[in-house]
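**Q** Sequence and predicted structure are below.
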Amino acid sequence: MPADPDTGYDPSLGRKFVFVTGGVMSGLGKGITAASTGRLLANAGFDVTAVKVDPYLNVDAGTMNPYEHGEVYVLKDGGEVDLDLGNYERFLGTDMTFDHNVTTGKTYQHVIERERAGDYLGKTVQIIPHVTDDIKRRIREAAEGSDVCLVEIGGTVGDIESMPFLEALRQFAHEEDDEDILFTHVTLVPYSKNGEQKTKPTQHSVKELRSIGLQPDILVGRSEDRLDPETKEKIALFCDVPTDAVFSNPDVEDIYHVPLMVEDEGLDEYVMERLGLVDEALPKEERSTEWRDLVTRDRDEEIDVALVGKYALEDAYMSIHEALKHAGIQTGTEVNVLWVDADETQEEHEQRLAEADAVVVPGGFGSRGTDGKIEAIRYARENDVPFLGLCLGFQMAVVEHARNVLGLDGAHSAEIDPDTPHPVIDLLPDQYETEDMGGTMRLGAHETDIEPDTLAAAVYDADSCTERHRHRYEVNPEYIDALEADGLVFSGRADNRMEILERPDHPFFFGTQAHPEFRSRPDRASPPFVSLVEAALGSTDTTERNADMRL
């Protein structure tokens with residue numbers, strides 16, 4: 001069937017689709033369930049991609065408060081997206097694009113722009129078919145070229161915001177052969193006070209799903225423990241699925257163990273059977289075991305890393321937590337993250353930082369917590385504690401040096417203090433005429449040239465690196481010569497932009513304007529994070545090379 005001339009929708013794109021919905025409550029782990037399924041399919045030799053559908057009206061996640069939605073994850077093409085895209089990249093080992101995130105805002109904006117341009121030739125523009133066709137078009141185009149596309153529908157079944165997306169899925173089911181599409185529904189299976197696993201929430205959720213024309217093929221029960229056999233049978237009976245289509249996804253200590261858990265349940269085999277992929281899959285003895293080997297690797301060492309931030313929730317710094325974990329996997333180290341509230345006083349900082357083997361100061365926006373971050377950087381510099389500064393952390397390291405080493409009283413970022421006498425951090429030149437806030441920062445992957453015989457060269461073992469960025473401000477070029485005095489070196493540059501700083505007079509002091517955490521993977525840990533962990537262990541090649549450079 002050719003593409004619809006009105007909507008541009010081509011129903012022939014894509015091969016196999018697994019749609020993942022959630023019921024009862026949000027935050028159950030739909031994304032991790034989908035990503036784990038994708039990891040196992042990839043182990044079996046299939047090319048797997050993913051799409052995250054977010055029913056909010058924002059065009060992207062770029063302007064959203066981390067308290068409401070967790071961190072803003074940045075893709076290589078500069079897309080600012082939901083943190084679940086980060087999980088898909090880490091689990092699937094592939095780079096996504098902005099096209100892999102579908103939002104209500106993005107869809108409606110496109111349809112309205114086409115209506116304003118007259119592309120619909122006077123027709124009445126409606127949810128069906130124009131909005132639903134645009135949703136389906138985006139999913140199919142993102143799936144093009146892959147064997148299996150996993151599509152996670154954000155939110156909870158029954159939310160008014162998700163109705164157009166669920167209607168699009170209903171239409172999808174009519175366009176595909178049975179063996180090319182699969183619906184997986186993730187629900188909560190709580191315990192009663194007497195310890196009984198309760199299935200009523202799942203029953204109501206599936207009833208809601210069926211009321212809009214969708215019948216789940218697979219049910220995944222999220223619970224503290226594995227589902228009892230009787231629980232599975234009851235869910236199957238009341239929700240009209242085979243008992244062997246009901247799977248457990250119990251709590252685990254580490255999300256990277258979820259693929260192992262659902263593999264033990266046989267979820268991947270059931271998915272391949274339902275999608276008609278069994279004959280195409282690699283024999284079990286030939287499937288990759290790299291993931292299992294990585295996440296079950298022994299950790300013989302242990303360190304504490306202080307994360308100095310202002311958002312008191314892990315989701316706001318998820319990629320940093322994961323990057324530290326990846327560095328721990330690579331170095332055989334258990335990395336414990338200690339939360340340090342950047343709003344606290346200097347004395348409280350020193351008390352908490354004294355317990356840490358290393359300090360990380362992450363990115364962020366706004367003035368709140370910056371004084372605490374500066375004090376934490378000062379503590380790390382003066383006490384030879386391994387330090388990693390990311391984006392704003394890099395910028396505050398420049399401010400700390402200007403104030404406390406160079407004696408530039410009142411030095412600051414123009415973002416934080418527009419009246420500072422020494423704006424050592426200032427607005428990017430191309431940002432002066434910017435009016436809109438969304439999608440207008442310096443975003444995505446950018447290359448940095450690295451000076452030879454520096455810590456940065458040792459960290460990356462290369463003369464350049466490519467990392468993802470998300471910032472409006474940079475080191476003020478007018479202060480560079482003055483700043484590169486008394487121990488500070490800008491060892492990475494992108495044309496006239498300062499990208500990496502270090503201190504040769506320190507065991508390990510490394511700051512980057514980029515967000516290297518976004519490219520970190522369990523099997524490919526981020527070099528700055530690996531070097532930080534090695535420095536904290538105190539017996540690393542990177543630390544030794546830096547010591548040699550100071551001689």
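**A** Sure thing, it's come through.
**Q** Find the residue closest to the spatially most central residue of the chain in space, skipping its chain neighbours.
**A** Of all residues in the chain, the one closest to the mean position by C-alpha atoms, centre = their mean is residue 86, 2.6 Å from it. Among residues not flanking residue 86 along the chain, residue 73 sits closest, at 4.2 Å (C-beta to C-beta, 6 or more residues apart in numbering). For glycine as for every other residue, the C-beta is placed from the backbone atoms N, C-alpha and C.
**Q** The one you found contacts residue 61, correct?
**A** Yes: between residue 73 and residue 61 there is a contact at 7.5 Å, judged by C-beta atoms under 8 Å.
**Q** that older thread, list the contacts for the residue nearest to residue 86?
**A** By C-beta atoms under 8 Å, 6 or more residues apart in numbering, the residues touching residue 73 are 61, 80, 81, 82, 83, 85, 86, 319, 518.
**Q** Got the phi and psi for the residue nearest to the centre of the chain?
**A** The phi and psi values for residue 86, taken as degrees, to the nearest 10, are phi -60, psi -40.
**Q** separation between it and residue 32?
**A** As for residue 86, its distance to residue 32 is 11 Å (criterion: C-beta to C-beta, to the nearest Å).
**Q** Looks to me like residue 401 is in a helix.
**A** Yes: secondary structure of residue 401 (DSSP: H, G, I helix; E, B strand; the rest coil): part of a helix.
**Q** where do the strands sit along the stretch 51-200 of the chain?
**A** Along the stretch 51-200 of the chain, the segments classed as strands by DSSP state E, counting those that start in this stretch run 73-74, 80-81, 101-103, 148-153, 181-188.
**Q** Including mean pLDDT and distance to residue 394, could those go into TSV?
**A** Converted to TSV, the strands of the stretch 51-200 of the chain look like this (pLDDT from 0 to 100; distance: least, C-beta to C-beta, whole Å):
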stretch	mean pLDDT	distance to residue 394
strand 73-74	96	15
strand 80-81	94	19
strand 101-103	96	27
strand 148-153	96	33
strand 181-188	96	39
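**Q** Nearest approach to residue 408 belongs to which of those?
**A** Nearest to residue 408, of all the strands of the stretch 51-200 of the chain, is strand 73-74, at 31.4 Å by C-beta to C-beta.
**Q** picking up where we left off before, quick one: common contacting residues for residue 73 and residue 61?
**A** 80, 81, 82.
**Q** Pull the contacting residues for the residue nearest to the centre of the chain.
**A** 71, 73, 318, 319, 322, 518.
**Q** Only alpha carbons, please: show stretch 273-288 as PDB.
**A** The C-alpha coordinates for stretch 273-288 follow below in PDB (Å, rounded to 0.1, in the frame of the first residue of the first chain):
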ATOM      1  CA  GLU A 273       7.900 -17.700  19.200                       C
ATOM      2  CA  ARG A 274       4.900 -15.300  18.900                       C
ATOM      3  CA  LEU A 275       6.700 -13.100  16.400                       C
ATOM      4  CA  GLY A 276       7.800 -16.100  14.300                       C
ATOM      5  CA  LEU A 277      11.500 -15.400  14.800                       C
ATOM      6  CA  VAL A 278      12.600 -18.700  16.400                       C
ATOM      7  CA  ASP A 279      14.000 -20.100  13.100                       C
ATOM      8  CA  GLU A 280      16.000 -16.900  12.500                       C
ATOM      9  CA  ALA A 281      17.500 -16.700  16.000                       C
ATOM     10  CA  LEU A 282      21.000 -17.800  16.800                       C
ATOM     11  CA  PRO A 283      21.200 -21.200  18.500                       C
ATOM     12  CA  LYS A 284      21.300 -20.800  22.200                       C
ATOM     13  CA  GLU A 285      24.900 -21.900  22.400                       C
ATOM     14  CA  GLU A 286      25.900 -19.200  20.000                       C
ATOM     15  CA  ARG A 287      24.100 -16.300  21.600                       C
ATOM     16  CA  SER A 288      26.100 -13.500  23.200                       C
END
